[in-house]
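> The amino acid sequence is not available; the structure is as follows:
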């Protein structure tokens, strides 16, 4: 299975056939994530910049935040029309996402784990993944920096969703094969 990881930054997944894309950090592919051809891949992961969507003070008004705020809604739209399985990770900011038309439009695809939101068309139950918030409102640190949520926990959730997709895909294939075997038995009898 070929996986494409858009706006990957330094992120890595445990799978062998992953193509990593990022605009700033040198990866397999460069350029704008919106211009990447998705047809070559079986599953797409995207982690567009969260600065505009973050609740952290000052992030949403920086030039970078304003320049990249369109990436989340545009990549969601592109992925929906790709008809491929996908996962898009970002921060949780329901109020801002409602103001900009992301929620409730994508509500059926929306999950939250820890401080992160995940939009996916893969049928998955993320309630099994337990993550605690490391900050309370206002950015006050509740746990030591070493125990903070973030990159490694995002990786954990992304890989959990991908693993669920792979196992369900195999279950479907197994059921189809068993169905055809039963049909062949009926035809031969």
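Right, received. Where do you want to start? Please read all numbers here as calculations on a predicted model, not as lab measurements.

> can you pull out the helices in this protein?
Listed in chain order, the helices of the chain (DSSP state H) span 63-68, 71-82, 94-99, 151-188.

> Tally up the residues packed near residue 31, please.
Around residue 31 there are 10 other residues, counting by other C-beta atoms under 10 Å. All C-beta spots, glycine's among them, are computed from the backbone N, C-alpha and C.

> which residues does it contact?
21, 23 (C-beta atoms under 8 Å, 6 or more residues apart in numbering).

> now with 7 Å?
residue 23 (C-beta atoms under 7 Å, 6 or more residues apart in numbering).

> nearest residue to residue 12 other than its sequence neighbours?
residue 155 (7.3 Å; C-beta to C-beta, 6 or more residues apart in numbering).

> Which pLDDT value does the model give that neighbour?
Looking at residue 155, its pLDDT stands at 88.

> again with residue 174
Residue 174 is assigned a pLDDT of 54 by the prediction.

> Please apply the same query to the one 5 residues further on.
At residue 179, the model reports a pLDDT of 53.

> shift numbering so it begins at 49
With 49 as the first residue, the last one maps to residue 227.

> Look at the residue nearest to residue 60 and say how many residues are nearby.
Using other C-beta under 10 Å, residue 203 has 15 other residues around it.

> now do residue 212
So residue 212, with other C-beta under 10 Å, has 17 neighbours.

> any idea what sits nearest it, other than its immediate chain neighbours?
residue 172 (4.7 Å).

> And residue 108, by the same measure?
Using C-beta to C-beta, 6+ apart and skipping the chain neighbours, the partner closest in space to residue 108 is residue 100 (5.0 Å).
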